[in-house]
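Engineer: predicted structure and sequence below. I'll ask about it afterward.
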Amino acid sequence: MSMSIHDFPAYRGVLEYVCLQCQARYPQDELLYTCPDCGGVFLLEDSRQESLKELSGAQWRERFDARAAVKRRALRGIFRFYELIAPVLDEQDIVYLGEGQTPIIPSSPALNTAVGHTVAMKNDGQNPSASFKDRGMACAFSYLQSMARANDWDQLLTICASTGDTSAAAALYAAYVGAPLTSVVLLPAGKVTEQQLAQPLGSGAVVLEVPGVFDDCMRVVEYLADNYRVALLNSKNPWRILGQESYAYEVAQWYDWNLSDKALFVPIGNAGNITAIMSGLLKMHDLGIITALPQLFGVQTAHADPVFQYYRQPPESRSYSPVEVKPSVAQAAMIGNPVSFPRVRTLAERYEQVAGDGSFQVVQVQEQAIMESMLLANRHGHIACTQGGECLAGLLRAKEEGRIDHKTTAVLDATAHSLKFIGFQDRYFQNTFAPEYGITPQAQWQNRPETVIDPEVKNRLAADAFAREAAQAVVERLGLEGKED
Ligand SMILES: N[C@@H](CCOP(=O)(O)O)C(=O)O
């Protein structure tokens, strides 16, 4: 019987963990995070990927476009691109909570004018736990579910370190999948927003707080993953990377597979997302699905900028050092030693080989610019979080430095929903930032609620009189004119 586009894909690949340091390869049927030989990080590669070239780029594009209409649950989200992501999973193991297929919203003409560039935002805050991490978790949990089924495990503890988005996503997916998977998250005490702390608590995860910053938590979970039987859910886990490649596939599909006139901006924290996006773009290019790679910009705050510091050095003498982080409104990216740095280095080299020098760059932005870029975007109808603001600030910086072609459309990664980071907006409006942030609120961005009528006055008035008096106060405040007869 011939296959229809509505069927679950027949192709099965052979995924292998490939160590980026010593090139050792390991089969996919083990939970591995660091190379047992040399401690390097992994990417997962499909050793049958060449066989995907039996279809032309045009045929793949056609297939993925047709699949957009498919109602099959497992193919509605990131696994629309099944053959490119994890073509070893069975349909029954695929976890789908509505992740992926997030919209790209072109900016209003007013915002384009204010920025001096054509801008669009991909709203990854519209994922189920309100950040891009859900893309990675959908893949990682599908894999874990397949492993638990194949091995008949009766218990598996998942663990992650987090600045707040990863933990929210991990806890949500674990709560959905249920036994044998349970969720434990390690958070830097006091350095996760109220909303993000509420997320894993609400999903029923065990929430453990550690003094210090994210990097301290990461060291603890890396130790646990190396020495105990736990499933690490940070992006060090290469299954997360595969899931997050879907971002690149979706951007390409949104623009009809033509990215020649696009520049993508992505914040860099633990560097998993920029890794995934680069890897996804390279994969599509290798298969002829896209014929031109876009310019790719990583963005880092000056308060946590180890990747920027690496790339600002001359290519022949670059050396990498972790940095000590300072408080940042881009709190999700407040990371001094990104676990995926070696992946970035490897993939950026490949990227530049294909797309030319300068096709991958990292820009550095200031805290003040991040805050005000977020406010600017949101005042024009976006739902950008501080990391989305960081991307817009990155575009402004790239323009100032003459690094971007003015004819491109800048596609900014709005990584999480603005409401997760709304406390930073409050601090800006109320001028309550601690001095270490280095942010001085400017009057033009302020917005505060105004009292219409004193509660005591309201208490003294009958309902009708109150409505008239309050309305009168509104009329005066707004300078309203009455309707003509
Ligand atoms: N910002 C991240 C930091 C961890 O990143 P990951 O992608 O490696 O899990 C978070 O939300 O915790």
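Structural biologist: All right, it came through fine. Numbers count the residues shown, from 1 in each chain.
Engineer: what helix or strand does Glu62 sit in?
Structural biologist: Here Glu62, judged by DSSP states H and E, is contained in helix 57-67.
Engineer: what's the following helix or strand after that helix?
Structural biologist: Defined by DSSP H and E, the subsequent element after helix 57-67 is helix 82-85.
Engineer: ranges for the strands of this structure?
Structural biologist: Counting by DSSP state E, the chain has these strands, from start to end: 15-19, 25-27, 42-46, 104-106, 118-123, 156-161, 181-188, 206-210, 230-232, 262-267, 295-301, 360-365, 409-414.
Engineer: could you dump those to a markdown table with mean pLDDT and distance to Asp286?
Structural biologist: From N, CA and C alone the C-beta is placed, and that goes for glycine too. Shown next, in a markdown table, are the strands of the chain (pLDDT from 0 to 100; distance: least, C-beta to C-beta, whole Å):
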| stretch | mean pLDDT | distance to Asp286 |
| --- | --- | --- |
| strand 15-19 | 98 | 15 |
| strand 25-27 | 98 | 19 |
| strand 42-46 | 98 | 11 |
| strand 104-106 | 98 | 24 |
| strand 118-123 | 98 | 23 |
| strand 156-161 | 98 | 31 |
| strand 181-188 | 98 | 34 |
| strand 206-210 | 98 | 41 |
| strand 230-232 | 97 | 28 |
| strand 262-267 | 98 | 18 |
| strand 295-301 | 98 | 16 |
| strand 360-365 | 98 | 16 |
| strand 409-414 | 98 | 21 |
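Engineer: looking at these, which is closest to the ligand?
Structural biologist: Closest of the strands of the chain to the ligand is strand 156-161, at 5.9 Å (criterion: C-beta to the nearest ligand atom).
Engineer: angle of that closest one against strand 181-188?
Structural biologist: Per axes from the mean of the first three to the mean of the last three C-alpha atoms, to 10 degrees, the angle that strand 156-161 makes with strand 181-188 is 20 degrees.
Engineer: please put the alpha-carbon coordinates of strand 156-161 into PDB.
Structural biologist: Coordinates of each C-alpha in strand 156-161 appear next as PDB, following Å, rounded to 0.1, in the frame of the first residue of the first chain:
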ATOM      1  CA  LEU A 156      13.500   7.700  36.100                       C
ATOM      2  CA  LEU A 157      14.300  11.000  37.700                       C
ATOM      3  CA  THR A 158      14.700  14.000  35.300                       C
ATOM      4  CA  ILE A 159      16.800  16.800  36.500                       C
ATOM      5  CA  CYS A 160      17.900  20.200  35.200                       C
ATOM      6  CA  ALA A 161      19.500  23.500  36.400                       C
END
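Engineer: just checking: what are the partner strands of it?
Structural biologist: Paired with strand 156-161 in the same sheet, following DSSP bridges, are strand 181-188 (parallel), strand 230-232 (parallel).
Engineer: got CSV for those, with distance to Glu324 too?
Structural biologist: Formatted as CSV, these follow (distance: least, C-beta to C-beta, whole Å):
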stretch, distance to Glu324
strand 181-188, 14
strand 230-232, 24
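Engineer: where does this structure dip in pLDDT?
Structural biologist: Across the chain, the ranges flagged by pLDDT under 70 are 1.
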